[in-house]
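Engineer: coordinates only, sequence not included:
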């Protein structure tokens, strides 16, 4: 295989039907999507990385004055999670977070449109041999990450060494969805629909890898209310428990945070040995501890503008609300 040749995809284990190109996607109502992605793809391949960095962060800072409701969401999340830190510190983290959110637009484009050689020059890799360790033993691997702003880059880095399966949420815009799927799969990754739990289990039982993000609020269904930082009852998915209990897979935490102008891509040790089996609430607590450690590795690069605590248990914590 030549240096710039994408890895060959294996036959899919899931019944996911990828979006197909059709002439209908060239309808004028989608021209804005095509032109927008084309322009961004051109920028990230022509401009130096540092120019992209300053341009993206500048746009992110300006966005604070446009999407003020999301600024309040980020402030509220930090108030809840870290009540001990000063207001000055929280304001600083919010400002940095929005700057990084602006740059994340370019980071996603880098993940989708950069060649391997250029990406590798910006990334430091640690313990990537763990990505294939369990697959070689015929055991499935749950690659657990968090919603860092550059999560697309994290998935791309995984694919550089060992492509796997990723949980996919289709976009409502067909043209956007086609480009998004192309960007996520062109380096060998395969998508599985987020509602296809049977498909995810099949992947893990066949000894393959599944890239999974258990850190957001996905609603009260199939969830437990357990601590996350200083919030005592954070709505946390029990999907991790379902996947691990049914497949006996390994669990590898993964992170890819920016340090200066480079990325620190790390695969942690397997944490499945102490995972609480057959106890969804205890398992959710366990996973949240992992999530906390990963977030603190790059605190200003996590998705604080997401309404992480929008779902509350009945009759409890009624004060946790977001002010739009």
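Structural biologist: Ah, there it is. Note that this is a predicted model, so its numbers are computed, not measured. Residues are numbered from 1 along each chain as shown.

Engineer: make it CA atoms for all contacts and neighbour counts henceforth
Structural biologist: OK.

Engineer: Could you list the buried residues of the longest helix along the chain?
Structural biologist: Assignment by DSSP state H gives helix 87-113 as the longest helix of the chain. For helix 87-113, burial by neighbour count (16 or more other C-alpha atoms under 10 Å) applies to 90, 93-113.

Engineer: Would you agree residue 139 falls within a helix?
Structural biologist: No. Using DSSP: H, G, I helix; E, B strand; the rest coil, the assignment for residue 139 is coil, not a helix.

Engineer: quick one, what contacts it?
Structural biologist: The neighbours of residue 139, taking C-alpha atoms under 8 Å, 6 or more residues apart in numbering as the test, are 204-208, 248-250.

Engineer: Need the phi and psi values for it.
Structural biologist: phi -110, psi 140 (degrees, to the nearest 10).

Engineer: Quick check: pLDDT value at it.
Structural biologist: pLDDT for residue 139: 97.

Engineer: Please apply the same query to residue 97.
Structural biologist: 98.

Engineer: ok, and the closest non-adjacent residue to it?
Structural biologist: residue 300 (4.9 Å; C-alpha to C-alpha, 6 or more residues apart in numbering).

Engineer: same question, residue 108
Structural biologist: Counting by C-alpha to C-alpha, 6+ apart, the residue nearest residue 108 is residue 152, at 5.5 Å.

Engineer: which of the residues in stretch 277-296 are buried?
Structural biologist: 277, 280-288, 290-291, 294-295.

Engineer: Please produce a markdown table containing those residues, extended by distance to residue 136 and secondary structure.
Structural biologist: Below are those laid out as a markdown table (distance: C-alpha to C-alpha, whole Å; DSSP: H, G, I helix; E, B strand; the rest coil):
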| residue | distance to residue 136 | secondary structure |
| --- | --- | --- |
| 277 | 24 | coil |
| 280 | 29 | helix |
| 281 | 31 | helix |
| 282 | 30 | helix |
| 283 | 26 | helix |
| 284 | 28 | helix |
| 285 | 30 | helix |
| 286 | 27 | helix |
| 287 | 25 | helix |
| 288 | 28 | helix |
| 290 | 25 | helix |
| 291 | 27 | helix |
| 294 | 26 | helix |
| 295 | 30 | helix |
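
Engineer: residues contacting residue 79?
Structural biologist: residue 90.

Engineer: swap that for residue 138, sorry
Structural biologist: Applying C-alpha under 8 Å, 6+ apart, the residues contacting residue 138 are 206-208.

Engineer: and these, which are buried?
Structural biologist: Neighbour counting with 16+ other C-alpha under 10 Å marks 207-208 as buried within those.

Engineer: Would you mind pulling the contact partners of the lengthiest strand in the chain?
Structural biologist: Longest strand of the chain, by residue count under DSSP state E: strand 250-259. Identification of contacts with strand 250-259 by C-alpha under 8 Å, 6+ apart yields 134, 139-146, 148, 150-151, 153-154, 244, 263-272, 290, 294, 297-298, 301.

Engineer: Filter those residues down to the buried ones, PyMOL style.
Structural biologist: PyMOL command restricting the contacts of strand 250-259 to the buried ones, with burial defined by 16+ other C-alpha under 10 Å:
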select buried, resi 134+139+140+141+142+143+144+145+146+148+150+151+153+154+244+263+264+265+266+267+268+270+272+290+294+298+301
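
Engineer: Mind checking which of the contacts of strand 250-259 land in strands?
Structural biologist: 141-144, 263-267.

Engineer: Mind putting the residues you listed into a markdown table with distance to residue 51?
Structural biologist: Converted to a markdown table, the ones in strands among the contacts of strand 250-259 look like this (distance: C-alpha to C-alpha, whole Å):
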| residue | distance to residue 51 |
| --- | --- |
| 141 | 37 |
| 142 | 36 |
| 143 | 32 |
| 144 | 31 |
| 263 | 17 |
| 264 | 20 |
| 265 | 22 |
| 266 | 26 |
| 267 | 29 |
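
Engineer: need the buried residues of stretch 277-296 in a markdown table with distance to residue 194 and pLDDT, can you?
Structural biologist: Formatted as a markdown table, those follow (distance: C-alpha to C-alpha, whole Å; pLDDT from 0 to 100):
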| residue | distance to residue 194 | pLDDT |
| --- | --- | --- |
| 277 | 22 | 96 |
| 280 | 19 | 97 |
| 281 | 21 | 97 |
| 282 | 23 | 98 |
| 283 | 20 | 98 |
| 284 | 18 | 98 |
| 285 | 22 | 98 |
| 286 | 22 | 98 |
| 287 | 19 | 98 |
| 288 | 20 | 98 |
| 290 | 21 | 98 |
| 291 | 20 | 98 |
| 294 | 22 | 97 |
| 295 | 23 | 97 |
